[in-house]
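In: Quick one, fold the following:
(4 chains)
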Number of protein chains: 2
Amino acid sequence: MARAATTSDVFNAIAEPQRREILVLLRAGERPVTELAQELRMTQPGASKHLRVLREVGLVRDRKAGKQRLYGLDARELRPVHDWIGGFERFWNESFNRLDEYVQNLKQARQEE
Amino acid sequence: MARAATTSDVFNAIAEPQRREILVLLRAGERPVTELAQELRMTQPGASKHLRVLREVGLVRDRKAGKQRLYGLDARELRPVHDWIGGFERFWNESFNRLDEYVQNLKQARQEE
DNA sequence: CAATTATATTCCGATATCGGCATGTGTCAA
DNA sequence: TTGACACATGCCGATATCGGAATATAATTG
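Out: The predicted model follows:
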């Protein structure tokens, strides 16, 4: 064994900044590859590769439109990710400033587990 | 240039399955490294390394407790991620089954942009 | 068919990642 | 000080990633 799972998993797909930008752009509607590449200042092969990853994890759909290939958003796979992170919602509301931390330290110093 | 940004970015930190498991465990409260390693069936160095990444992106805090080092959750950095993904919420509710897709194709075939 | 345009794929180099193992550092206790 | 724990770090191998350049494939047009 060497490296754990990678792409082909939504968490990983959206870990790439350029892929996130692509997804954002696609909210405005379907776009051909070249247009995406241009707007995001990346090469055409670069865009194609990122789109491939996004397609493999199901975040985008593509359909032929003559010479072009239009890519469109399919955000359904983002829901589970959103839900997973949502499971921490109540924790990021807890204040973690120095004062609270100090108090917590005192409390937790006594209560194991 | 070779590889874009990596760790030291929350999206990437949570792209690792084991790191996600650690975060989930920490919702129950602070834990020492060895305990985490045991429950997640990973080696101690393995756990330490993942915790380091999580600490560097700010997702966990650590404090010394005698011989041990207790790691605790600090979920604040998850909020922006949650928000970013939330920006797609209205899209994953759109139905994308074959019928709708067919209809959309017809519509979008005529309306450029 | 040839030429053109749009996109995908392949090959490459540089680099990062993860896991394993060994070893370092720090803390407590006798 | 010497052990015994708890944890961190370093080094290594295998592999994946991203970006770039060149090339292949597909569809359109003349």
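In: Could you use CA atoms for every contact and neighbour count after this?
Out: Noted.
In: any idea how far the residue lying closest to A:G46 once chain neighbours are set aside is from A:W84?
Out: Distances taken as CA to CA, 6 or more residues apart in numbering or on different chains place A:A37 nearest to A:G46, at 7.6 Å, with adjacent residues excluded. Distance of A:A37 to A:W84, given as CA to CA, to the nearest Å: 31 Å.
In: that older thread, count of neighbours near the residue nearest to A:G46?
Out: 17 (other CA atoms under 10 Å in any protein chain shown).
In: same check, this time on A:K67
Out: 7.
In: How confident was the prediction at it?
Out: Model confidence at A:K67, expressed as pLDDT, equals 93.
In: A:R61 now?
Out: Per the predicted model, pLDDT is 96 at A:R61.
In: wait, it sits on A:L73?
Out: Yes - using CA atoms under 8 Å, A:R61 is in contact with A:L73, at 6.3 Å.
In: These two - which one has more neighbours?
Out: Taking other CA under 10 Å, A:R61 and A:L73 do not tie; A:L73 has more neighbours (25 against 18).
In: ok, the nearest residue to that one once chain neighbours are set aside - how many residues close by?
Out: Once flanking residues are discounted, A:L73 sits nearest to A:V60: 4.6 Å by CA to CA, 6+ apart. A:V60 has 23 neighbours, counted by other CA under 10 Å.
In: how about A:V60, what does it touch?
Out: By CA atoms under 8 Å, 6 or more residues apart in numbering or on different chains, the contact set of A:V60 is A:51, A:54, A:71-75.
In: For chain A, what lies in contact range of DNA strand C?
Out: A:1-4, A:32-35, A:44-49, A:51-52, A:67-70 (CA under 7 Å from any atom of the strand).
In: what's the spacing between A:V10 and B:R52?
Out: Distance, A:V10 to B:R52, by CA to CA: 23 Å.
In: Out of these two, name the residue with the larger neighbour count.
Out: When A:V10 and B:R52 are compared on other CA under 10 Å, the one with more neighbours turns out to be A:V10, at 20 against 16.
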